[in-house]
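Novice: sequence and predicted structure, then a few things I'm wondering about:
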Amino acid sequence: MKLSEHFQLDEFRCPCGCKLEQKPEIVAALKDLVVVLEDIRAEIGVPLVVHSGVRCPSWNRKCKGVPRSQHLLGKAADLVPKDKPVSELADLLRAKGVDLGVRGLGLYSRFVHTDIRSGRRATWRG
Ligand SMILES: [Zn+2]
């Protein structure tokens with residue numbers, strides 16, 4: 001299933017195979033998320049690989065996510081830019097993330113966490 005021009009539902013699936021990503025409320029959240037991801041993709045100029053998308057509670061525990069992770073809601077994606085250093089995506093989002101609609105920004109060495117949480121914005125280093 002296509003969520004937007006460049007993103008498929010499959011790219012966000014929970015790795016445990018539970019199919020949580022197919023629930024209507026999760027698909028709806030992902031559709032909002034990919035609006036932001038499309039704008040990030042356009043800015044950076046290369047495809048974005050979804051390193052982690054939707055997580056069910058048990059998978060989230062397994063990969064040591066925080067208990068109230070936005071990944072549980074379909075509102076988060078950990079991203080790696082194709083053929084560019086992760087640091088370039090990190091720099092771009094530190095500068096323009098707010099304007100692009102990113103509300104949670106986590107900077108890690110191997111990926112960049114982005115989310116569209118409601119409530120207060122947050123930025124952190126992993
Ligand atoms: Zn799962």
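Specialist: Yes, it's here.

Novice: only C-alpha atoms from now on, for both contacts and neighbour counts.
Specialist: OK.

Novice: which residues touch the closest residue to Val35 other than its chain neighbours?
Specialist: Closest residue to Val35 apart from its sequence neighbours, by CA to CA, 6 or more residues apart in numbering: Ser4 at 7.5 Å. Residues in contact with Ser4 (CA atoms under 8 Å, 6 or more residues apart in numbering) are Lys31, Val34, Val35, Glu38.

Novice: and of the residues you listed, the nearest to the ion?
Specialist: Lys31 (19.1 Å; CA to the ion).

Novice: need the helices for the chain, in chain order.
Specialist: 24-44, 57-62, 86-100 (DSSP state H).

Novice: just say which of those is most tucked in.
Specialist: Among the helices of the chain, ranked by average contacts under mean count of other CA atoms under 10 Å, first place goes to helix 24-44 (a mean of 18).

Novice: let's have the contacts of Ser4 in CSV, adding pLDDT and distance to the ion.
Specialist: What follows is the contacts of Ser4, written out as CSV (pLDDT from 0 to 100; distance: CA to the ion, whole Å):
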residue, pLDDT, distance to the ion
Lys31, 98, 19
Val34, 98, 20
Val35, 98, 24
Glu38, 98, 25
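
Novice: look up how far the ion lies from the residue nearest the centre of the chain.
Specialist: The centre of the chain sits closest to Ala77, judged by CA atoms, centre = their mean, with a distance of 1.2 Å. Distance, Ala77 to the ion, using CA to the ion, to the nearest Å: 15 Å.
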